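**Student:** attaching a predicted model along with its sequence, questions to come.
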Amino acid sequence: MSFIDSYWYHAAVVKKIIHAIQIFLIIGAFVCGMILWRDKSAPRGRMNMLILGYSIKSANLLAYILITSHVARFHRWASPKAYFIINVIEPIFWLSAFGMMCMRAPKCVGAKSCGTIGAALGLSFGLA
């Protein structure tokens, strides 16, 4: 069995693992966004709501991918073109979130939320 044959043989398992990791990272980003949104010591800005919005958007798009590929009733809405567009656009959004968090990180000197901002940085880079 060649490498290509073994890849396609295990592609479904690899996709499930990747989707599980994405779900974990999206939930983590949502929790970090909620913590930053509620923390009074963190500097206020658009980034709090941006992380929340991006995580909700990513969860919706991932739900679309999973439902259309695994539920027989929704197979008619499955589209390789839509999957391609989602998979190209998602990293761009999360890289912009990472860049904005990097610009915001120096403003949290001495704040209690520095660890949360670091965690949000790591999660947004992981999702990119």
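**Tutor:** Arrived safely, thanks for sending.

**Student:** buried residues of the single longest helix found in the chain, list them for me.
**Tutor:** Identified as the longest helix of the chain according to DSSP state H is helix 11-38. By 16 or more other Cβ atoms under 10 Å, the buried positions in helix 11-38 come out as 22, 25-26, 28-33, 35-36. Using the backbone N, CA and C atoms, a C-beta is placed for each residue, glycine as well.

**Student:** now that helix: how far from the chain's centre is it?
**Tutor:** Here the centre of helix 11-38 is set off from its chain's centre by 6 Å, with Cα atoms, centre = their mean, to the nearest Å.

**Student:** ok, back up a step: kindly reformat the buried residues of helix 11-38 as CSV containing pLDDT and distance to G115.
**Tutor:** Formatted as CSV, these follow (pLDDT from 0 to 100; distance: Cβ to Cβ, whole Å):
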residue, pLDDT, distance to G115
Q22, 88, 23
L25, 88, 17
I26, 89, 20
G28, 89, 13
A29, 86, 15
F30, 90, 17
V31, 88, 13
C32, 84, 10
G33, 83, 14
I35, 82, 10
L36, 79, 11
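
**Student:** and the longest helix of the chain, what other elements does it pack with?
**Tutor:** On a contact count with 3 or more Cβ pairs under 8 Å, 6 or more residues apart in numbering; DSSP states H and E, helix 11-38 meets helix 46-70, helix 114-127.
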